[in-house]
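J.: based on what follows, work out the 3D shape:
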Amino acid sequence: MNRQSGRGRAVNAAVCAVAAWGALAALPGQAWAAADPSGYVFAPDAVTVTGEEANADAAFLTADKVYRSSIGPGQKLYYRVTLDAGSDAYVSAVAVPRDPAGKVAYGDGITVSIRDDNDVRCGSESANFGAGEFARPITAYGFRENDPDGSSCQRAGTYDVLVERDSKETSSQEIWDLELRHAVEPALKSPGSMPTGAPEDFPSESPAPLPTSAPRGERAGGSGYFDATGLETGEWKDSVAPGRTRFFRVPVDWGQQLWATAEISNDNSSDAYVGSALVLSADNPALGHVDSAALSYSGRPATAALSPLPPVDHANRNSSATRVSAMRYAGWYYLSVGLSPAVAEAYGDDPIRITLKVRVENAAEESPYQGGAGIFGVDDDDREMARNGQSAADAGRDGTLMIVGVAGIGVGTVLVLGLGAWTLLARRAAGAVAVPDRGRTEPRLSEPYGGRPPGR
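T.: Model prediction:
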């Protein structure tokens, strides 16, 4: 009986080890989401919520989590957040048209706002397809800013988040998916000493060409903010297909200034003119829109450049200009390059080569926050990820693979121990047959239950 129990424990350990390894080995393949039919990659851990037309029924959004929802043409949908009395808070919505070939107009887009219990708007931002007039992911955020002298939106409690969609009757009337994020800015070290006005001027002349020593190479962009590819100062090549958008991210610290251009390569198959064929967009760490630039295409090389952006400064939020106000904190800034589906009509469906030239100038300055900055800061790990071209998905995958690797070592150890115990049991059983059993009358087992281990 003891022999059976011992072998049973060894076999169970081996079986459990194999099962554990199988479960762990399956994780990487299950953890990373594939592209949506729209071509966009949503965060795989996004929680599905339904926007409500009545604010009393709205679902609550928790800070630092990602949510997935949807919105129809002309809809005004509510969500809710709980805010304290002192923090600057943001809720962003990435709108993703399901059909990249769907028709959209210049002003089609979304507006996101945070509102108090008297429906006073605390802060809002709009994003639309602009001159590009082709369907692609666009993002905007609503916000609540701390204002000691303010009379509204300053209390702790429940706030409404309103997402509104504007679509012309002549535009496609399909549902758009939404990717929602709620973020809270860290507390300041010395809130009373922060400037109350925006910087009056900043360097706006285009920087000198990249030095020959600057890194250059291939960097395949991601298909969403979740898997946006890291970039540092340099020249980076990729390809984008008509109707698709490629996503990148650049760490920009306090006091640093971001410059970016997107160049489209020639295509000798045609010289047909396509207006606003490519759009380069920039978004900040909380996914508020910063700026965008478009270019037309006629088969020859062309370049789209972002307008000069100010160095990252907490005081930028006091500006009335969106591209200045959005440069209000450090962190990963996102660049996206979208190519119009109309390009396929003249140049075919094959991807066209693009070159992103990125430059981050100035030395990093000290953070104004009390403690950890979360997404509103840049550290050495972020800079290393940018050098290596890693996305947030890559960082998560590396962490999971490390866990799997450590677990694999443990599983291997268990397997070795289990097989060793099995072998030892077999040897003991064989030895028991060879030794006379004086005084026992019941039959003796000559092998462990189940027979000899293979090879013995």
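
J.: quick one, helices of this structure?
T.: Listed in chain order, the helices found in the chain under DSSP state H are 2-31, 322-325, 343-347, 380-388, 392-434.

J.: where does this protein have low pLDDT?
T.: By pLDDT under 70, the weakly predicted segments of the chain are 1-35, 397-456.

J.: what's next to stretch 265-275, contact-wise?
T.: Contact with stretch 265-275 is made by 131, 296-301, 340, 342-343, 345-348, 352-355, as judged by Cβ atoms under 8 Å, 6 or more residues apart in numbering. Any C-beta I mention is one placed from the backbone N, CA and C, and that applies to glycine too.

J.: pull the CA atoms of stretch 367-374 into PDB?
T.: Only the C-alpha atoms of stretch 367-374 are listed here, as PDB (Å, rounded to 0.1, in the frame of the first residue of the first chain):
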ATOM      1  CA  SER A 367       9.600  66.100 -12.600                       C
ATOM      2  CA  PRO A 368       7.200  68.400 -10.700                       C
ATOM      3  CA  TYR A 369       5.400  65.500  -9.100                       C
ATOM      4  CA  GLN A 370       5.700  64.300  -5.500                       C
ATOM      5  CA  GLY A 371       6.300  60.600  -6.200                       C
ATOM      6  CA  GLY A 372       6.000  58.100  -9.000                       C
ATOM      7  CA  ALA A 373       4.700  59.500 -12.200                       C
ATOM      8  CA  GLY A 374       3.200  56.400 -13.800                       C
END
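
J.: what residue is smack in the middle of the protein?
T.: Within the chain, one residue has its C-alpha closest to the average C-alpha position: by Cα atoms, centre = their mean, that is Phe226, at 1.9 Å.

J.: would you confirm that that one contacts Asp45?
T.: No. With contact defined as Cβ atoms under 8 Å, Phe226 does not count as touching Asp45 (9.1 Å).

J.: and for these two, which residues touch both?
T.: Shared contacts of Phe226 and Asp45, defined by Cβ under 8 Å, 6+ apart, comprise Val66.

J.: centre of the chain to stretch 330-347, how far?
T.: Between the mean C-alpha point of stretch 330-347 and the mean C-alpha point of its chain there is a distance of 17 Å (Cα atoms, centre = their mean, to the nearest Å).

J.: then stretch 74-91?
T.: Relative to the centre of its chain, stretch 74-91 is centred 20 Å away, using Cα atoms, centre = their mean.

J.: in it, what counts as buried?
T.: Applying a neighbour-count criterion of 16 or more other Cβ atoms under 10 Å, one finds 77-81, 83, 87-91 buried in stretch 74-91.

J.: from those residues, which is closest to Trp254?
T.: Compare each of the buried residues of stretch 74-91 with Trp254 using Cβ to Cβ and the shortest gap goes to Asp88, at 15.7 Å.

J.: residues contacting that closest one?
T.: With contacts taken as Cβ under 8 Å, 6+ apart, Asp88 has the following neighbours: 143-146, 184-185.

J.: select only the buried ones of those in PyMOL?
T.: Only the buried members of the contacts of Asp88 end up in this PyMOL selection, burial being decided by 16+ other Cβ under 10 Å:
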select buried, resi 143+144+145+146+184+185
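
J.: just put the contacts of Asp88 in JSON lines and tack on distance to Trp176.
T.: Shown next, in JSON lines, are the contacts of Asp88 (distance: Cβ to Cβ, whole Å):
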{"residue": "Phe143", "distance to Trp176": "22"}
{"residue": "Arg144", "distance to Trp176": "25"}
{"residue": "Glu145", "distance to Trp176": "28"}
{"residue": "Asn146", "distance to Trp176": "32"}
{"residue": "Val184", "distance to Trp176": "26"}
{"residue": "Glu185", "distance to Trp176": "28"}
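
J.: on that earlier part again, just the buried ones from the contacts of stretch 265-275?
T.: Judged by neighbour count, with 16+ other Cβ under 10 Å as the criterion, the buried members of these are 297, 299, 340, 342-343, 346-347, 352, 354-355.

J.: which one of those is nearest to Thr139?
T.: Among the buried ones among the contacts of stretch 265-275, and counting by Cβ to Cβ, the member closest to Thr139 is Ser340, at 18.7 Å.

J.: isn't that closest one up against Ile264?
T.: No. Under the criterion of Cβ under 8 Å, Ser340 is not in contact with Ile264, lying 11.0 Å apart.

J.: any common contacting residues for the two?
T.: With contacts taken as Cβ under 8 Å, 6+ apart, Ser340 and Ile264 have 277-278 as neighbours in common.

J.: tell me the contacts of Gln173?
T.: 72-73, 167.

J.: what's near enough to touch the residue nearest to Asp45 when sequence neighbours are not counted?
T.: Across the structure, with Cβ to Cβ, 6 or more residues apart in numbering as the measure, the residue nearest Asp45 apart from its sequence neighbours is Val66 (6.3 Å). With contacts taken as Cβ under 8 Å, 6+ apart, Val66 has the following neighbours: 43, 45-47, 179-181, 226.

J.: specify which member of these is nearest to Trp236.
T.: The closest of these, once distances to Trp236 are taken by Cβ to Cβ, is Phe226, at 19.4 Å.

J.: backbone phi and psi for that closest one, please?
T.: phi -60, psi -40 (degrees, to the nearest 10).

J.: and the gap between the closest residue to Ala105 other than its chain neighbours and Thr139?
T.: Spatial nearest neighbour of Ala105, excluding adjacent residues (Cβ to Cβ, 6+ apart): Lys168 at 4.4 Å. Plainly put, Lys168 is 20 Å away from Thr139 if you go by Cβ to Cβ, to the nearest Å.

J.: which one of these two has more residues nearby?
T.: When neighbours are counted by other Cβ atoms under 10 Å, Thr139 comes out ahead of the other of Lys168 and Thr139, with 26 against 14.

J.: what sits opposite the more buried one in the beta ladder?
T.: Val94 (DSSP bridges).

J.: for it, list the residues it contacts.
T.: Contacts of Thr139 by Cβ under 8 Å, 6+ apart are 92-95, 127, 225, 283, 287-289.

J.: run the last query once more with 6 Å
T.: Taking Cβ atoms under 6 Å, 6 or more residues apart in numbering as the definition of contact, the neighbours of Thr139 are 92, 94, 127, 283, 287, 289.

J.: was I right to think the last one contacts Ala127?
T.: Okay, so that is His289. Yes. With contact defined as Cβ atoms under 6 Å, His289 counts as touching Ala127 (4.9 Å).
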